[in-house]
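Can you look at this prediction? I've put the sequence above it.
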Amino acid sequence: MQPTSILLTARRRFVLALCLSVGWLSGLVVAPAVQAQADSEAAPASSFGAAVDVNVVNLDIFVTDRKGNFVEGLSPDDFTIQVDGDRVSKIDFFEQVTAGAVPAEKPQAAAPAEEAADTAAEEATPPLRLAVLVDNRNLSPANRNRVLGELETFLEETLDRGAEVLIMTHDGSLNVRQTFTSDRAELAAALEQTSKLPAARFAREAERRTALSGMQNVIRMLSEQSTAGPLFAAAELDSVLRQIVFFAQSSHSDVVDTVSMLRAVVLSLGALPGRKALVYVSDGLPLRPGDSLVTALQQTLQDGRSVEGVGFGDQSRSGSGDGDGFGSGGGGGSSPPPLSSQVASLRSELVPYDTSPLFTELTALANARRVTFYPVNGAGGDIALLGADSPSDIGAVASPAGYLTADLADLRDSLRLMADETGGVALAGGTDVDGWLENVQQDLRNYYSLGLTMPALDKPQLHRIKVKVKGRGNKARFRQSFVTRSGDSLQQDRTAAALLLGAVHDPLGLQVQVEGQQGRDDGAVDVALMVAIPLDKLGFVTEGEEARVELKLYFASLSDTGRVSPVGTLPLAIRVPAERLEEARSQSYGAQLPVALPPGEQKIVLGLWDATAGINAQVTKTIEVAAPEG
């Protein structure tokens, strides 16, 4: 399927076509006498609007004693905080939160109108929000249903009344099974529906089984007392190496898709006030795809046997067969290197498939939005041997329990990373789901909230955090990194929340409809969206004979298959003669926004941000994108 995209690269060619023709939208009225104009390049931000000069960073810190109990009664003097290695001299806001109360974020500097409104809204103490995401793409049915059974009991008997819970699934697409609710009957029904869905963590296991089977064949062929045995083993080894690389590529692609889905969830939750706990149910995601298979092959061939004929890979990898171990082992009369050396070279090919940077970015985004990961793996201590312990004449493929344990550890490391980086708790092994859920509940009820004021940055920047707490045996869990946020990132979150959670806010009365569709050679469809923007509430600034307002438009879409597009942004400046401003305020402005969408039903959201007036607005619409003819 073609990816959804917003066409933002040709701004100088007026990709955003802004016109004043009557009749684009029903009810759109524009007086020809009012000359409005859109700029393809926005003016410097210092000329218009209110600037956000500070970022208030909230740190949620969980302090427990040696027995795991929450430590009460601490003061700011009991904490030492470092940001990027520098000690923080001043804590602007400090509060111990208990019994589920969520504090409002309290900036110490003047904020623009919108930020002040957000703070006032948070004063109402938002409820505890627990989002449950069941990753059926990376989960076995038995493990999933074990967790869901415990979770249903926890939600029914333990979770605080008034807490709101969201149920989502990843089934190749992201699906909201139950929007935020405190109704226990609705949650039970959603969990029951989720338990009956197919889970699909079998394709990756089949690919791994193929590589393991190839290793057994190599061992078997090397044991043959014939001249042909090593030759066949060499060919089989080359096949195994290719299979491992293919497995790493496939696994990396799966992780990219999954992290993209998790990112969309984090962004949508980020638009909601207060703290959010994200329970992620999964068997885990590989941090180092293919690495455990390389280890298994090294251990299997550790006797140092050499194989004549084909060495590591083919001519396309080495460019020549000069005996370097990457081309034909028989070329030029050179001797092929030991198998262990050939296999060790494979690790360099797997480096690009390391997924750790993806999780580092994901957790930093979550920390900036007060989203805490609580990953749970329902597999307990069980290890699926996958039939890999077939006998052979000269030894076996490395102990199945050994290398499959390493593979399982790699999957669970990603769960621990998500929890550790965001201050959560992971259940990456064991079967005490109920006890783990009690720890989640304790985190929701008891923590310390600290506020730090940091300068706003034009671009997001990653910061590392370190927290120490006084008291022998006391242990602090906290968010270990964050990305500074801007008003722009907040609007992107609101656009994502409108798309996935239905959190629409439209004080302007935006209107959007499809003006036309045109198929493309790549299978996607160019869709012309027509947007009507009422001008009466916008924050026009008058300079001389001209009144001008700086806006930003945001766009995202959700396909009927669940594919979520990234949030695209585009600046927009509207200018009118100062003497006609009052007349213009009674009218609407028409904008054409061309986007590329895949065929099928699409839920789209268009957001607008006016920093001067402190106004944000979102409008959603479901459209049918026709497939190109032929």
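Yes, it's here.

Every contact and neighbour count from this point should use C-alpha atoms.
Noted.

so where is the stretch 251-400 of the chain shaky, pLDDT-wise?
Within the stretch 251-400 of the chain, the ranges that satisfy pLDDT under 70 run 301-344, 380-400.

where in the stretch 451-600 of the chain is pLDDT low?
Looking at the stretch 451-600 of the chain by pLDDT under 70, you get 455-460, 485-486.

can you give me the helices for it?
Along the stretch 451-600 of the chain, counting by DSSP state H, counting those that start in this stretch, helices occupy 487-500, 581-584.

Please compute how far the last one lies from its chain's middle.
To tie it back to what came earlier, the one meant is helix 581-584. 43 Å (Cα atoms, centre = their mean, to the nearest Å).

i'd like the first residue to be 26 from this point on
In the new count, where the first residue is 26, that last one comes out as helix 606-609.

Please report the distance of residue 279 from residue 446.
Separation of residue 279 from residue 446 (Cα to Cα, to the nearest Å) stands at 22 Å.

Could you check which of these two has the larger neighbour count?
Set residue 279 next to residue 446 and count neighbours by other Cα atoms under 10 Å: residue 446 wins out with 26 against 18.

did I read that right, that one in a helix?
Yes. Under DSSP: H, G, I helix; E, B strand; the rest coil, residue 446 sits within a helix.

contacting residues around it?
388-389, 503-506 (Cα atoms under 8 Å, 6 or more residues apart in numbering).

buried residues in stretch 261-279?
261-277, 279 (16 or more other Cα atoms under 10 Å).

Which ones among these map onto helices?
261-277, 279 (DSSP state H).

So which of the helices of the stretch 476-625 of the chain is the most surrounded?
helix 512-525 (a mean of 24; mean count of other Cα atoms under 10 Å).

What is that one packed up against?
helix 253-295, strand 571-584, strand 625-635, strand 640-650 (3 or more Cα pairs under 8 Å, 6 or more residues apart in numbering; DSSP states H and E).

can these go into JSON lines with extra columns for distance to residue 173?
Shown next, in JSON lines, are those (distance: least, Cα to Cα, whole Å):
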{"stretch": "helix 253-295", "distance to residue 173": "19"}
{"stretch": "strand 571-584", "distance to residue 173": "27"}
{"stretch": "strand 625-635", "distance to residue 173": "29"}
{"stretch": "strand 640-650", "distance to residue 173": "32"}
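
Let me know which of those is the nearest to residue 562.
strand 640-650 (8.4 Å; Cα to Cα).

Return the closest one as CSV; C-alpha atoms alone will do.
Extracted as CSV, the C-alpha positions of strand 640-650 are listed here (Å, rounded to 0.1, in the frame of the first residue of the first chain):
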residue,chain,number,x,y,z
ILE,A,640,-6.3,29.3,19.2
ASN,A,641,-6.1,25.6,18.2
ALA,A,642,-8.7,23.8,16.2
GLN,A,643,-9.2,20.4,14.6
VAL,A,644,-11.7,19.1,12.2
THR,A,645,-12.1,15.4,11.1
LYS,A,646,-13.8,13.9,8.1
THR,A,647,-14.1,10.4,6.6
ILE,A,648,-13.6,10.3,2.8
GLU,A,649,-13.5,7.7,0.1
VAL,A,650,-10.4,7.8,-2.1
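
neighbouring strands for that strand, and are they parallel or not?
strand 625-635 (antiparallel) (DSSP bridges).

quick one: buried residues of the partner strand?
Taking 16+ other Cα under 10 Å as the criterion, strand 625-635 shows 626-635 as buried.

Dump those residues to a markdown table, plus pLDDT.
Compiled in a markdown table, the buried residues of strand 625-635 are given as follows (pLDDT from 0 to 100):
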| residue | pLDDT |
| --- | --- |
| 626 | 91 |
| 627 | 92 |
| 628 | 92 |
| 629 | 92 |
| 630 | 94 |
| 631 | 93 |
| 632 | 93 |
| 633 | 94 |
| 634 | 93 |
| 635 | 92 |
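
Need the max-distance pair from those residues.
626 and 635 (29.9 Å).

quick one: low-confidence parts of the stretch 76-225 of the chain?
Ranges of the stretch 76-225 of the chain meeting pLDDT under 70: 76-80, 124-151, 183, 186-187, 225.

At which residues are the strands of it located?
79-89, 104-108, 111-112, 118-122, 154-160, 189-195, 199-206 (DSSP state E, counting those that start in this stretch).

closest to residue 288 out of those?
Using Cα to Cα, the nearest of the strands of the stretch 76-225 of the chain to residue 288 is strand 199-206, at 11.4 Å.

Neighbouring strands of the closest one in the sheet, and parallel or not?
Strand pairing for strand 199-206, determined by DSSP bridges: strand 189-195 (antiparallel).

tell me which residues in the partner strand are buried?
189-195.

again with stretch 164-177
Applying 16+ other Cα under 10 Å to stretch 164-177 flags 164-166, 168-174, 176-177 as buried.

how about the helices and strands packed on helix 512-525, which one is nearest residue 308?
Of all the helices and strands packed on helix 512-525, helix 253-295 comes closest under Cα to Cα, at 12.5 Å.

how far off strand 154-160 does the closest one point, in degrees?
160 degrees (axes from the mean of the first three to the mean of the last three Cα atoms, to 10 degrees).

helix or strand right after helix 253-295?
Downstream of helix 253-295, the next assigned helix or strand under DSSP states H and E is strand 301-306.

relative orientation of the helix or strand following that following strand and helix 253-295 in degrees?
Next helix or strand after strand 301-306 toward the C-terminus (DSSP H and E): helix 316-325. Inter-element angle recorded for helix 316-325 and helix 253-295: 160 degrees (by the same axes, to 10 degrees).

Can you tell me which helices and strands helix 316-325 packs against?
By 3+ Cα pairs under 8 Å, 6+ apart, helix 316-325 packs against helix 228-247, helix 364-369, helix 371-375, helix 425-447.

mind listing what the most centrally placed residue in the chain touches?
Taking Cα atoms, centre = their mean, the centroid of the chain lies closest to residue 288, which sits 1.8 Å from it. For residue 288, the contacting residues are 387, 390, by Cα under 8 Å, 6+ apart.

One more: residue 219?
194, 202.

what's the spacing between the spatially closest residue to residue 602 that is not a sequence neighbour and residue 460?
Of all residues not flanking residue 602 in the chain, residue 571 sits nearest, at 4.7 Å (Cα to Cα, 6 or more residues apart in numbering). Counting by Cα to Cα, the separation of residue 571 from residue 460 is 65 Å.

Same drill for these two, tell me which one is more crowded.
residue 571 (15 against 12).

and the gap between the more buried one and residue 398?
Distance from residue 571 to residue 398, by Cα to Cα: 50 Å.

I'd assumed residue 432 was in contact with residue 317.
Yes. With contact defined as Cα atoms under 8 Å, residue 317 counts as touching residue 432 (5.3 Å).

Settle it for me: which of these two has more neighbours?
Remark: of residue 317 and residue 432, residue 432 carries more neighbours, 23 against 20, as counted by other Cα under 10 Å.

you'd agree that one is up against residue 319?
No. Under the criterion of Cα under 8 Å, residue 432 makes no contact with residue 319, lying 10.7 Å away.
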